[in-house]
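Q: below are the sequence and a predicted model for it; my questions follow.
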Number of protein chains: 2
Amino acid sequence: MKSQFPFPTVIRLTYYLRALEFLLTQNKSETSSDELAKLTNLSPEQVRKDLAYFGSFGKRGKGYPLPKLYEKIKELIGINKEWRLCLIGLGNLGKAIVRFKGFPERKLRFYAIFENDPKKIGGEFQGIRIFDVNKLPEVARELSLDIAVFTIPDDQVDKVYELVRKTNIRGILNFTSAPLHSEKDLFVKNVSIAQELEIITFYLSK
Amino acid sequence: MKSQFPFPTVIRLTYYLRALEFLLTQNKSETSSDELAKLTNLSPEQVRKDLAYFGSFGKRGKGYPLPKLYEKIKELIGINKEWRLCLIGLGNLGKAIVRFKGFPERKLRFYAIFENDPKKIGGEFQGIRIFDVNKLPEVARELSLDIAVFTIPDDQVDKVYELVRKTNIRGILNFTSAPLHSEKDLFVKNVSIAQELEIITFYLSK
């Protein structure tokens, strides 16, 4: 199956990023729209259109220079600089996310974990300090946190959201079932496992 | 912020589903495009267009009948019937997914867990039996499994994917960092936590 729905630009950018990282591990120095199309499951036309839009790479009939294109895509996505993350809620999901190995190379780094369990507060997980969630406003300021990952029970979302709004945190990755809305200066990305499964059942039902 | 990018139809359907479930818990019997727009963060025009496209609900100037619309959306997403899931890889992430409470009401139910750890094989988690992953083809047939959730280490993806291809499983929800492609008769939805974070950094960088 080819791409099942029209992907928005940002999603396509993240696909190019992964394709370019793969090609760089192969020690290649250039790539083509056909190669990128194959790796991303997008059409060569879409790839050419996007790359023409993002900047001028390569010459007609020649390939795109790999490291330059990679740097440009990273810049467009905003991961050419470091982002300081915190995790709120150290359950099974939170542990899996902190342990995930793909973050450091993306300059996405966890600087704090917040919990309401007195047995966990004051300790560490994977070398990251665990703070009392009620201390979030102070700790976020001190550590200049940018993004919060919510892996808390649904019934704690409202309270934690209010704490986050008192900080300079501008992005939330929300894994709870309680959807949050983006506001001015606070961008929310909801991740719903049920929704991901529904996308599958939708296509399987057709 | 209003919806940041044009959502494909299936995503909008899952948004309507959540909005309708919320309204049903409020014991309402009808809704309007304005109300649905507000709850989903979509425009009232988009809601009206979608609902007109999906079928004829309600009369001009009157509201949409709630239970009827809810059943229709469930049917469109394909969750009006039961789907039989299995989890492959019972680590932190796998445990979090099996424990997730939003599945039963969606008729998405786990019937088996697969592992390669002899200490886990033969046991149970949350009342679900844990099988040897090498037995996947037989167990999938016996239990008529429809969808597999991959929460395995990246280096096991190829092997497990080949095992799944020997079964009647037609959908994979892939949480590994190794992206898989959909094939004829096997739909793959990749979920990448790094990608979700990149969507945030993209918007925060603008």
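A: Perfect, I can see it now.
Q: what segments of chain A are strands?
A: For chain A, applying DSSP state E gives strands covering A:30-31, A:64-65, A:83-88, A:108-115, A:124-125, A:128-132, A:147-150, A:171-174, A:187-190.
Q: for the fifth one, packing partners?
A: Spelled out, that is strand A:124-125. Where contact means 3 or more Cβ pairs under 8 Å, 6 or more residues apart in numbering or on different chains; DSSP states H and E, strand A:124-125 is not packed against any helix or strand. In short, each C-beta sits where N, CA and C put it, glycine included.
Q: report the contact partners of the residue positioned nearest the centre of chain A.
A: Among the residues of chain A, the smallest C-alpha distance to the mean C-alpha position (Cα atoms, centre = their mean) belongs to residue A:173, namely 8.0 Å. Shown in contact with residue A:173 (Cβ atoms under 8 Å, 6 or more residues apart in numbering or on different chains): A:147-150, A:189, A:191, B:193, B:196-197, B:200.
Q: if you rank those by neighbours, which is first?
A: Taking other Cβ atoms under 10 Å in any protein chain shown as the neighbour criterion, residue A:149 ranks highest of those with 28 neighbours.
Q: that residue touches residue A:83, doesn't it?
A: No - counting by Cβ atoms under 8 Å, residue A:149 sits too far from residue A:83 to count as a contact (11.3 Å).
Q: quick check: which ranges of chain A have low pLDDT?
A: Residues of chain A that meet the criterion pLDDT under 70 lie in A:1-7, A:56-61, A:104.
Q: tell me where the longest helix sits in it.
A: Residue-count comparison of every helix in chain A, with assignments taken from DSSP state H, identifies helix A:9-25 as the longest.
Q: okay, residue A:14 and residue A:106: tell me how far apart.
A: In this structure, residue A:14 lies at 10 Å from residue A:106, with Cβ to Cβ, to the nearest Å as the measure.
Q: neighbour count: the two, which is higher?
A: In terms of neighbours (other Cβ under 10 Å), residue A:14 is the more surrounded of residue A:14 and residue A:106; the figures are 23 against 19.
Q: just the helices in chain A please.
A: In chain order, chain A shows helices spanning A:9-25, A:33-40, A:44-54, A:66-77, A:92-99, A:136-142, A:157-165, A:193-205, with DSSP H as the criterion.
Q: strand A:83-88 and the fifth one, what's the angle between them?
A: By that I understand helix A:92-99. Per axes from the mean of the first three to the mean of the last three Cα atoms, to 10 degrees, the angle that helix A:92-99 makes with strand A:83-88 is 160 degrees.
Q: again, but for the first one
A: Comparing the axes of helix A:9-25 and strand A:83-88 via the same axes, to 10 degrees yields an angle of 110 degrees.
Q: touching, residue A:40 and residue A:15? I think so.
A: Yes - the criterion here is Cβ under 8 Å, and residue A:40 meets it with residue A:15 at 4.1 Å.
Q: apart from its neighbours in sequence, what residue is nearest residue A:140?
A: Distance criterion Cβ to Cβ, 6 or more residues apart in numbering or on different chains; nearest residue to residue A:140, sequence neighbours excluded, is residue A:167 at 3.8 Å.
Q: overlap in contacts of residue A:14 and residue A:106?
A: For the pair residue A:14 and residue A:106, residues contacting each of them under the criterion Cβ under 8 Å, 6+ apart are residue B:198.
Q: that older thread, what about the longest helix of chain A and chain B, touching?
A: Yes - with Cβ under 8 Å from any Cβ of the partner chain as the criterion, chain B is reached by helix A:9-25 at A:9-11, A:13-14, A:17-18.
Q: how far out from the middle of the chain is that helix?
A: Mean-position distance between helix A:9-25 and its chain equals 13 Å (Cα atoms, centre = their mean, to the nearest Å).
Q: who's in contact with it?
A: Contacts of helix A:9-25 from elsewhere in the structure, counted by Cβ under 8 Å, 6+ apart, are A:7, A:31, A:35-36, A:39-42, A:46-47, A:50, A:66-67, A:69-70, A:73-74, A:76-77, B:5, B:179, B:192, B:195, B:198-199, B:202-203.
Q: buried only: go through the residues you listed for me.
A: Neighbour-count burial (16 or more other Cβ atoms under 10 Å in any protein chain shown) applied to these gives A:7, A:31, A:35-36, A:39-42, A:46-47, A:50, A:66, A:69-70, A:73-74, A:76-77, B:179, B:192, B:195, B:198-199, B:202-203.
Q: how about the residue nearest to residue A:129 when sequence neighbours are not counted, what does it touch?
A: Closest residue to residue A:129 apart from its sequence neighbours, by Cβ to Cβ, 6+ apart: residue A:112 at 6.1 Å. If a contact means Cβ under 8 Å, 6+ apart, then residue A:112 has A:86-87, A:128-129, A:131, A:139-140, A:143, A:145 as its contacts.
Q: let's have these in JSON lines, adding distance to residue A:23 and neighbour count.
A: Written out in JSON lines, the entries for the contacts of residue A:112 read as follows (distance: Cβ to Cβ, whole Å; neighbours: other Cβ atoms under 10 Å in any protein chain shown):
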{"residue": "A:86", "distance to residue A:23": "33", "neighbour count": "23"}
{"residue": "A:87", "distance to residue A:23": "32", "neighbour count": "25"}
{"residue": "A:128", "distance to residue A:23": "32", "neighbour count": "18"}
{"residue": "A:129", "distance to residue A:23": "38", "neighbour count": "16"}
{"residue": "A:131", "distance to residue A:23": "40", "neighbour count": "22"}
{"residue": "A:139", "distance to residue A:23": "40", "neighbour count": "19"}
{"residue": "A:140", "distance to residue A:23": "38", "neighbour count": "24"}
{"residue": "A:143", "distance to residue A:23": "35", "neighbour count": "14"}
{"residue": "A:145", "distance to residue A:23": "33", "neighbour count": "24"}
